[in-house]
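# Fold the following and give me the result.
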Amino acid sequence: MAPKPSLPAVLVLQLQLLLLPGPAPVRSSSPLPLVLNTWPFRNATEAAWKTLALGGSSLDAVEGGCASCEVEQCDGTVGFGGSPDESGETTLDAMLMEGTTMNVGAVGDLRRIKNAIGVARKVLEHTTHTLLVGESATKFAQSMGFVDEDLSTKDSRALHSDWLAQNFVSLLPAVLVSPFVYISYQAVEYMRRGKDPTTACQKVIARIQKYFPNFFGAVICANVTGGYGAACNKLPAFTQFSFMVYNSLKSQPTEEKVDCI
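Numbers count the residues shown, from 1 in each chain. Predicted coordinates:
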């Protein structure tokens with residue numbers, strides 16, 4: 001069953017693909033269905049839209065869009081060959097949420113399996129769990145027919161070698177693994193109270209700025225009618241946030257940008 005429109009919001013530094021369902025994707029006066037994803041990953045947006053056009057469900061579309069980025073290694077931050085851990089191994093995370101039931105399927109620290117979003121879908125559909133991690137996630141993926149593959153690349157090995165050469169201990173991951181869910185929840189609450197998506201995003205960014213003025217981040221939101229908006233925290237090296245939009249009012253995936261505040 002295709003999920004009913006939910007009110008999600010997402011944060012930066014990873015691909016986030018949002019889909020609000022609607023009629024079959026043909027040109028009309030309605031902005032639904034809507035495919036919305038962080039960063040200008042055009043092929044991911046198009047893959048999700050094509051899945052809908054072929055009769056796929058919202059979950060199918062989200063999975064297809066994310067899988068496209070896993071294959072293309074979008075921005076070097078999605079899929080295999082990304083930032084390695086302390087031992088030099090690249091591991092993957094992915095999550096899906098079904099909007100009608102709020103059921104979630106997710107994997108974390110997934111090892112040696114390239115199609116992380118596909119495994120997350122299997123967790124959602126074939127287990128009573130929400131999240132599988134590490135070797136447990138890998139063993140589950142293998143039981144579902146996913147094939148072991150090396151997730152490291154020449155570039156990821158070079159990143160690890162450089163890190164070791166600098167004898168460097170980074171605290172950055174502790175900053176990035178902040179409680180995104182609370183930020184998303186706050187944006188949803190602003191929309192629930194009548195704020196439009198853009199205003200909701202701006203208010204969330206403003207609240208974070210009070211305590212962490214130099215954080216690198218952005219928020220993107222959509223409401224149940226297909227309206228959407230985004231906002232970002234302005235830094236010297238980050239003055240605009242780009243994202244992709246595709247709906248029945250557009251003839252192709254469109255990159256949009258917002259000036260950071």
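# What is the helix or strand harbouring residue 139 packed up against?
In the assignment (DSSP states H and E), residue 139 maps to helix 134-143. With contacts taken as 3 or more C-beta pairs under 8 Å, 6 or more residues apart in numbering; DSSP states H and E, helix 134-143 sits against strand 104-110, helix 116-126. In this view, the C-beta of every residue, glycine as well, is placed from N, C-alpha and C.
# would you list the ones you listed in a markdown table and tack on mean pLDDT and distance to residue 65?
Below are those laid out as a markdown table (pLDDT from 0 to 100; distance: least, C-beta to C-beta, whole Å):
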| stretch | mean pLDDT | distance to residue 65 |
| --- | --- | --- |
| strand 104-110 | 97 | 16 |
| helix 116-126 | 98 | 9 |
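# for the protein, what helix or strand is lowest in average pLDDT?
strand 9-11 (a mean of 31; mean pLDDT, DSSP states H and E).
# on that earlier part again, what would the helix holding residue 139 look like as PDB? C-alpha coordinates only.
This file holds the C-alpha atoms of helix 134-143, laid out as PDB (Å, rounded to 0.1, in the frame of the first residue of the first chain):
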ATOM      1  CA  GLY A 134      27.200  -4.500  12.000                       C
ATOM      2  CA  GLU A 135      27.700  -8.100  11.300                       C
ATOM      3  CA  SER A 136      24.100  -8.900  12.300                       C
ATOM      4  CA  ALA A 137      23.000  -6.600   9.500                       C
ATOM      5  CA  THR A 138      25.400  -8.300   7.100                       C
ATOM      6  CA  LYS A 139      24.300 -11.800   8.000                       C
ATOM      7  CA  PHE A 140      20.700 -10.800   7.500                       C
ATOM      8  CA  ALA A 141      21.500  -9.300   4.100                       C
ATOM      9  CA  GLN A 142      23.200 -12.500   3.100                       C
ATOM     10  CA  SER A 143      20.200 -14.500   4.200                       C
END
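# Where do the strands of the stretch 51-200 of the chain begin and end?
Under the criterion DSSP state E, counting those that start in this stretch, strands of the stretch 51-200 of the chain are mapped to 92-97, 104-110, 131-133.
# ok, residues contacting the second one?
Contacts to strand 104-110, defined as C-beta atoms under 8 Å, 6 or more residues apart in numbering, come from residues 91-98, 116, 119-125, 127, 130-134, 137-138, 141.
# circling back to that earlier point, quick check, distance from the helix holding residue 139 to the centre of its chain.
Chain-centre distance of helix 134-143: 22 Å, with C-alpha atoms, centre = their mean, to the nearest Å.
# Same question for stretch 138-155.
For stretch 138-155, the distance to the chain centre is 20 Å (C-alpha atoms, centre = their mean).
# would you say residue 257 is within a helix?
No: assignment of residue 257 by DSSP: H, G, I helix; E, B strand; the rest coil gives strand, placing it outside any helix.
# can you give me the helices for this protein?
For the chain, the helices defined by DSSP state H occupy 42-53, 58-72, 116-126, 134-143, 154-165, 172-176, 180-192, 197-209.
# Name the nearest residue to residue 80, ignoring sequence neighbours.
residue 151 (4.2 Å; C-beta to C-beta, 6 or more residues apart in numbering).
# Can you report how many residues lie near the one you found?
Using other C-beta atoms under 10 Å, residue 151 has 21 neighbouring residues.
# re the thing from before, so which of the helices of the chain is nearest residue 84?
helix 154-165 (4.5 Å; C-beta to C-beta).
# which residues touch that closest one?
76, 81-84, 88, 90, 170.
# Determine how far that helix lies from the middle of the whole chain.
On C-alpha atoms, centre = their mean, the centre of helix 154-165 falls 25 Å from that of its chain.
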